[in-house]
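Participant: Quick one, fold the following:
(one chain, ligands or ions: 4)
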Amino acid sequence: MFYPGSRPRLFMHSPTQLRTFAILGMAVLTVTACGSGGNGPLPVGDLPSEARNSEDLYISWEENTIDDESRSGDVPLRGADGLQMADLDQDGYLDIVSVHEDSDHLRVAYGSDDPTDWFRLSLGEGAEVDAVEDVALGDVNGDGFIDAIAACEKGHLIYLQNPANKIRGWRWDRVIPEVTRGRGSFIRVFLADIDGDGKLEAVASNKGSGRTEEATAAKPKTEISWFDPPDDPLSADGWTEHVLTLVDTPINAQPFDLDGDGDLDIFAGSRGESRVFWFENQGPGDDGVVVFAEHPVEADLGANASTLGEARFSGFNLAFHDFNSDGRIDVVIPAMPNAVGWLEQPADPTNAWRFHLIGSIEPDELVSVTLADITGNGQPDLMTGAYSRGPRDNDGPDVGAFSNPRMILKCGRSRPGTK
Ligand SMILES: [Ca+2]
Ligand SMILES: [Ca+2]
Ligand SMILES: [Ca+2]
Ligand SMILES: [Ca+2]
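Facilitator: Numbers count the residues shown, from 1 in each chain. Ligands and ions are numbered 1, 2, ... in the order given. You can find the predicted model right below:
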């Protein structure tokens, strides 16, 4: 959603990590010929980047804080680490659900016709959202209102049900599915109709940290799973887990129809094993439960091998698009630590996936990617988030912008407080 005439910005990130899941939709941006600047030292948040693309263009972003301690009624929000947007109260304006890992808060900010006016409250806090790391939105109970499920690093999933017509200020009923209790660190969660029955399931990866030494020794590899909710998702005992695989430190598993056959597959990654792989949805098996076939994704670095020989792929964040218009979905993926590119899906799924470098944001450590048509030309642009490893009072020598195709990366202003 864009708001003509105003320039809201979103400022919610932890000191060490910035994600960009939905920030694009919150900002009005201007693409203009270069030639800004300022007189004298500016706060870094007001300092235009020097980065330009090949056409000498840059994007100017203006920051608008939506939620923080000064706006929350003194709720000490710390460690914002991700967000999702949807119209939860069906008033036509997007709302934002954000996770605050360090202070254990799951927050909502309801939008309005005034982009500076937000109705804020905590959906959850304390032990029930202990070290909450990620959230997914979708109508799980099928009443037409969008619900939420959050991944907590200590160490469970929690489902929160939208109270439908009594939304603002009303408590959302919630449940921690029993099968997810005490499991260690859930790091990502998504909602999607995995089995094609018209109802949403949760896909979650659990990197397992935080478990007891005995539990870790007994099971060093941990699960990527999908969870099937019962007809009443508020029934704690009714959730069923279907394990897709066990790997060392699973870090992500995102549903997407990778092979274009109409059902959702899952692209996933392991940080511990520095590899990515995907699960092909093969439809229901004899027991009626969906069967997935796991396929490795071997990255062929091609011409980038000499410069990216040490690159690691964990798939912590992913985006999907058919870049070369061959009818096969390709995958945008960070090439850790600094680069990003796209993996070209081969015609023969047993072949390697060619990696096409988009760029690097050295010295920052690139962890997050998302696609949106920022420039409005019908082509997807790429926005990234990173662990800051560079100065925040100037661009540093390696910050650049580029267009490939029409992709603009790390344009705009640096952000304060991200050292
Ligand atoms: Ca709304
Ligand atoms: Ca619902
Ligand atoms: Ca389903
Ligand atoms: Ca499929």
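Participant: in the top strand by length along the chain, what's buried?
Facilitator: The longest strand of the chain (DSSP state E) is strand 275-284. The neighbour-count check on strand 275-284 (16 or more other CB atoms under 10 Å) flags Arg275, Val276, Phe277, Trp278, Phe279, Glu280, Asn281 as buried. The way it works is simple: take the backbone N, C-alpha and C, and place the C-beta from them, glycine included.
Participant: I'd like to know how many residues surround Phe292.
Facilitator: 20 (other CB atoms under 10 Å).
Participant: Buried residues in the strand or helix carrying it, which are they?
Facilitator: Taking DSSP states H and E as the definition, Phe292 sits inside strand 290-297. Buried residues in strand 290-297, counted by 16+ other CB under 10 Å: Val290, Phe292, His295, Val297.
Participant: Low-confidence regions, the chain specifically.
Facilitator: 1-49, 60, 392, 396-419 (pLDDT under 70).
Participant: ranges for the helices of it?
Facilitator: 213-218, 305-308 (DSSP state H).
Participant: Mind putting these into JSON lines with mean neighbour count and distance to Thr180?
Facilitator: Written out in JSON lines, the entries for these read as follows (neighbours: other CB atoms under 10 Å; distance: least, CB to CB, whole Å):
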{"stretch": "helix 213-218", "mean neighbour count": "10", "distance to Thr180": "15"}
{"stretch": "helix 305-308", "mean neighbour count": "12", "distance to Thr180": "37"}
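Participant: Which one of these lies nearest to ligand 4?
Facilitator: helix 305-308 (29.0 Å; CB to the ion).
Participant: which ones are touching Thr222?
Facilitator: By CB atoms under 8 Å, 6 or more residues apart in numbering, the contact list for Thr222 reads Arg183, Gly184, Asn206, Lys207, Gly208, Leu246, Val247, Thr249, Pro250.
Participant: all strands of the stretch 151-300 of the chain, in order?
Facilitator: Per DSSP state E, counting those that start in this stretch, the stretch 151-300 of the chain carries strands over the ranges 157-161, 173-175, 186-192, 201-206, 222-228, 240-247, 250-256, 265-270, 275-284, 290-297, 299-300.
Participant: quick one: which of those strands is nearest ligand 1?
Facilitator: Across those, closest to ligand 1 is strand 157-161 (CB to the ion), at 16.1 Å.
Participant: by contact count, what packs against the closest one?
Facilitator: strand 119-125, strand 147-152, strand 173-175 (3 or more CB pairs under 8 Å, 6 or more residues apart in numbering; DSSP states H and E).
Participant: So which of those strands is the most surrounded?
Facilitator: Comparing the helices and strands packed on strand 157-161 by mean neighbour count (mean count of other CB atoms under 10 Å), strand 147-152 comes out on top with a mean of 27.
Participant: Now do that one: everything it contacts.
Facilitator: 84, 97, 99, 106, 123-124, 129-141, 157-162, 172, 186-189, 191, 202, 204, 233.
Participant: how about it as PDB, C-alpha atoms only?
Facilitator: Listed next in PDB are the C-alpha coordinates belonging to strand 147-152 (Å, rounded to 0.1, in the frame of the first residue of the first chain):
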ATOM      1  CA  ASP A 147      -5.000 -15.400  12.300                       C
ATOM      2  CA  ALA A 148      -1.400 -15.500  13.300                       C
ATOM      3  CA  ILE A 149       1.200 -18.200  14.200                       C
ATOM      4  CA  ALA A 150       4.500 -17.300  15.700                       C
ATOM      5  CA  ALA A 151       7.800 -19.200  16.000                       C
ATOM      6  CA  CYS A 152       9.500 -18.800  19.400                       C
END
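Participant: sorry, back to before: got the helices and strands packed on strand 157-161 as JSON lines, with distance to Ser388 columns?
Facilitator: As requested, the helices and strands packed on strand 157-161 are arranged in JSON lines below (distance: least, CB to CB, whole Å):
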{"stretch": "strand 119-125", "distance to Ser388": "26"}
{"stretch": "strand 147-152", "distance to Ser388": "24"}
{"stretch": "strand 173-175", "distance to Ser388": "34"}
